[in-house]
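> Next one to model:
(2 chains)
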Amino acid sequence: MIDDAFIDIVPVDSLHQRLGVDTPLDYPAESLRKPFANWRMEVDDAPILRYLYRSVRPKRHLEFGTWEGTGVCMCAEECDATVWTINLPEGETIGGRPAYSSAPKEVPSGASALKRGGDGRSVYQTDAGVFIGHRYRSAGFGHRVCQILCDSREWDTSGYPSDFFDSALIDGGHSPDVVLSDTQKALAVVRPGGLILWHDFCPDPAVFPAMASVTGVVGSLTREWRSISRSLSDAFWIRPSFILAAVR
Amino acid sequence: MKPIHVSLSTPGIIRKHAGCIVESESPLTVQSSPDQWHYAVSVALGDAIAASQPLVFPAKVSASVNVRSGELGCLLVADDFTTILARVPPSVPAGHHTVDVVLETSVDVANLVFRNVASDNRPSVFTVESISISPDSGDRRERSLDLDDLLVGNPPRLDVAKLHDAVINVGRRSSGSTQ
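Okay, here's the model as predicted:
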């Protein structure tokens, strides 16, 4: 059990020591200098996530929040895991409007545009329909993925043994109730010694006003940390990153 | 001290960053690059800060903006355009807003950056109607928290209770920051 009043901080250059592996992470110097206000998961957190998958080498990995499938690709490219990944089939909406819509450079076959944007490009809801996971499918990882389409709060874990998964990434809905639900479900199915990761965990108050996803994750986890930490043998924020890592 | 109004027609005060389109210079109307976080335009505030001396800190830089589409963010940076000088305020969606950025400590130079915040590959289109600098008289305020305020011990660890309070309090403070 860990001290529930504090969360350790592990610098990226000593992450290997905390994980007990020999090879340190070769982290980009540019990201070390970058303010959190300019942080981008695919640029600044991706090297850390890839390193974790490469070092821990899960056989069965669970992911909350598929979106276009970038996270699955990172895991599948770095280890031999089969990935279970969950996404709302119709995507997330806020106030009845799609939470994630854009004019992407890469459009999967069969996608229907929501509308045409002011700049003439077609706008799509990128976390719904054929967009869900299209990147892992086009990368050839479809045979290693179990795609679950549901509201993660309604995902039934009772059919999974409590030690089924070796690792989990929680990066789905960022409202506090969803974060807590996904956390509880991950704790129920990740084996002792397995790795649990939360994305959008950044404790720098400078980013709070501008990033609701961060306040949702940090607020939910810190509110419930006393009970969550009882199920963990280690937990630490990787600095600098938007990643909280824990060992079940 | 009265607010100092920054004249956007001062030669050289506005810097256009890569990928943005200036639709008009008066009023300053800009279409940003579609890339998230990319700077669109910035306004050099050094002369205005010098003209405001003795400027009392904390000082408030207020930008009145009309966002036609997309989502706009503002931040104060140093001349290297990387060092952030003040807490980044919440981004603003379409509509009229006054965005306040509070400089806690004295600086000689600062650039107010307007940038695209949306993550959906769409540009933001906005008009900068006015910018002013004034002492931050806010009735609020304790000093803004830094990450260091949430750390304890050596090696440092995050204090969970302080971190939770910081999230809750920032949520309270940020409400009502736009109009």
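> May I ask which helix or strand of chain A has the lowest mean pLDDT?
Ranked by mean pLDDT, DSSP states H and E, the weakest helix or strand in chain A is strand A:93-94, scoring a mean of 71.
> The residue nearest to the spatial centre of chain B in helix, strand or coil?
Nearest to the mean C-alpha position of chain B, by CA atoms, centre = their mean, lies B:L75 at 3.1 Å. Put simply, B:L75 is strand when judged by DSSP: H, G, I helix; E, B strand; the rest coil.
> partners of the following helix or strand past the least confident helix or strand of chain A in the sheet?
Later in the chain than strand A:93-94, the nearest helix or strand by DSSP states H and E is strand A:97-98. Partners of strand A:97-98 in the sheet, by DSSP bridges, are strand A:93-94 (antiparallel).
> about what we covered before: wait, isn't the residue nearest to the centre of chain B in contact with B:N111?
No: applying CB atoms under 8 Å as the test, B:L75 and B:N111 come out as separate, 9.0 Å apart. Any C-beta I mention is one placed from the backbone N, CA and C, and that applies to glycine too.
> Can you pull the residues of chain A lying near chain B?
Counting by CB under 8 Å from any CB of the partner chain, chain A comes close to chain B at A:4-9, A:33, A:35, A:37-38, A:40, A:100-105, A:117-119, A:123, A:126, A:203-210, A:215, A:218-219, A:222-223, A:225, A:237.
> Mark which of those are buried, thanks.
Neighbour counting over these (16 or more other CB atoms under 10 Å in any protein chain shown) leaves A:6-9, A:35, A:37-38, A:100-104, A:117, A:123, A:126, A:203-210, A:215, A:218-219, A:222-223, A:225, A:237 as the buried ones.
> taking these one by one, which sit in strands?
Mapping these onto strands (DSSP state E) picks out A:F6, A:I7, A:D8, A:I9, A:S101, A:S102, A:V123, A:W237.
> Give me the below-cutoff pLDDT ranges for chain B.
Within chain B, the stretches with pLDDT under 70 are B:1, B:53, B:138-143, B:171-179.
> And the residue in chain B sticking out farthest from the centre, how far from chain A?
Distance to the chain centre peaks in chain B at B:N154, reaching 33.4 Å (criterion: CA atoms, centre = their mean). In this view, B:N154 and chain A are 11 Å apart by CB to the nearest CB, to the nearest Å.
> B:S42: neighbour count?
Residues within reach of B:S42, counting by other CB atoms under 10 Å in any protein chain shown, total 22.
> which secondary structure element contains it?
Per DSSP H and E, B:S42 falls inside strand B:39-44.
> Can you name every helix or strand that that strand contacts?
strand B:14-16, strand B:28-31, strand B:111-116, strand B:125-135 (3 or more CB pairs under 8 Å, 6 or more residues apart in numbering or on different chains; DSSP states H and E).
> Spatially nearest residue to A:R223 (excluding sequence neighbours)?
B:H164 (5.9 Å; CB to CB, 6 or more residues apart in numbering or on different chains).
> And the lengthiest helix in chain B, how far out from the chain middle?
The residue-count maximum for a helix in chain B (DSSP state H) belongs to helix B:160-174. Using CA atoms, centre = their mean, to the nearest Å, the mean C-alpha position of helix B:160-174 is found 20 Å from that of the whole chain.
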